[in-house]
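In: The following comprises the amino acid sequence and a computationally predicted model.
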Amino acid sequence: MTDSSTDPLIRMSGVNKHFGDLHVLRDVDLSVARGEVVVVIGPSGSGKSTLCRAINRLEPIDSGEIVFDGVPLPAEGRALARLRSEVGMVFQSFNLFPHRTVLDNVTMGPIRVRKEKPAVARERALALLERVGIANQATKLPGALSGGQQQRAAIARALAMRPKAMLFDEPTSALDPEMVGEVLAVMTDLAAEGMTMVVVTHEMGFARHAANRVIFMADGQLLEDAPPAEFFANPRTERARDFLSKIL
Ligand code: ADP
Ligand code: MG
């Protein structure tokens, strides 16, 4: 018998994805262990968002296999809904429901999908908002919050579903510079607490300090996969060296 606690939480093998003639994911193999933090970097258009979206099946793949927590990704139905709740996703645009309070945004998923009792969902939501430092914003509408506060609310909303993994797709790219740090701090805490995370970001400080591995992606391929100290000191491909010279 295999010990499921040592299996990778996410395993992609031979994954290919096209958009028409465009080959966006090319034979992608990627395993993410439980508790591991993987930062994905690479030029715009290299397939980073598609990679993330494939993991919770927002994008179906053309070939290959993706296994999450020992189970091939379900295509539809309740199994797919459960997968989506187990893989939290935070986007560049915060995607909060604008006409519901911050608290409602966090309790909706647990009540509707996980059938939590409203009082229980509310207590947990308040605790999560406390954890991301915006408990005092709970009764406001998202539009009344700063971008950094909205993104922290989006993180609390994803955490409310008790995810086994969190995917972050450029979570700080739309923020004013002074708000980047507060969101990265929440992500750094999550990483330290053992959350399995895949993070697409241009924040190299976060990659250096919070990542177990850095993956460099270009033209749909994973060109490098190394611990951050090794990757930043000694990128092996010309593409990665060129990319780093432009952003650092
Ligand atoms: P990245 O996140 O690294 O910038 P993406 O995964 O968003 O890259 O996109 C990879 C490529 O696929 C880009 O050329 C993009 O224009 C294209 N693409 C992404 N989504 C779609 C789509 N839904 N339809 C057609 N082309 C797409
Ligand atoms: Mg993207």
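Out: That came through, no problem. Ligands and ions are numbered 1, 2, ... in the order given.
In: Where in the chain is the helix or strand with the lowest mean pLDDT?
Out: helix 77-86 (a mean of 90; mean pLDDT, DSSP states H and E).
In: what residues does that one touch?
Out: Helix 77-86 has contacts (CB atoms under 8 Å, 6 or more residues apart in numbering) with 56-57, 68-69, 73-74, 109, 113-114, 161-165. In short, each C-beta sits where N, CA and C put it, glycine included.
In: so what's whichever residue of the chain sits closest to ligand 2 closest to, chain neighbours aside?
Out: In the chain, the residue found nearest to ligand 2 is Ser49; the distance is 3.2 Å by CB to the ion. Nearest non-adjacent residue to Ser49, counting by CB to CB, 6 or more residues apart in numbering: Asp169, 5.4 Å away.
In: Check Phe168 too.
Out: Val199 (4.4 Å).
In: give me phi/psi at the one you found?
Out: phi -130, psi 110 (degrees, to the nearest 10).
In: With Arg57 instead?
Out: According to degrees, to the nearest 10, Arg57 has phi 60, psi 30.
In: give me every residue that touches it.
Out: 66, 73-75, 80, 83-84.
In: Would you mind measuring from the residue nearest to Phe168 to ligand 1?
Out: 13 Å (CB to the nearest ligand atom, to the nearest Å).
In: give me the number of residues near that residue?
Out: 27 (other CB atoms under 10 Å).
In: Run through the residues of the chain sitting next to ligand 2.
Out: With the criterion set to CB under 5 Å from the ion, the chain comes near ligand 2 through 48-49.
In: low pLDDT regions in the chain?
Out: Under the criterion pLDDT under 70, the flagged ranges of the chain are 1-3.
In: Show me the residue at the heart of it, geometrically.
Out: Leu167 (1.2 Å; CA atoms, centre = their mean).
In: can you give me the angle the helix or strand containing that residue makes with helix 77-86?
Out: If you go by DSSP states H and E, Leu167 is part of strand 165-169. Orientation check (axes from the mean of the first three to the mean of the last three CA atoms, to 10 degrees): strand 165-169 against helix 77-86 gives 70 degrees.
In: Sheet partners, orientation included, of strand 165-169?
Out: strand 87-90 (parallel), strand 196-200 (parallel) (DSSP bridges).
In: Kindly export the longest one (C-alpha atoms) in PDB.
Out: So the one you mean is strand 196-200. Taking C-alpha atoms only, strand 196-200 is exported to PDB below (Å, rounded to 0.1, in the frame of the first residue of the first chain):
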ATOM      1  CA  THR A 196       0.500  23.800  -0.300                       C
ATOM      2  CA  MET A 197       0.800  26.800  -2.700                       C
ATOM      3  CA  VAL A 198       1.400  27.400  -6.400                       C
ATOM      4  CA  VAL A 199       2.100  31.100  -6.800                       C
ATOM      5  CA  VAL A 200       2.500  33.000 -10.100                       C
END
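In: quick one: it to chain centroid distance?
Out: Put simply, strand 196-200 sits 5 Å off its chain's centre (CA atoms, centre = their mean, to the nearest Å).
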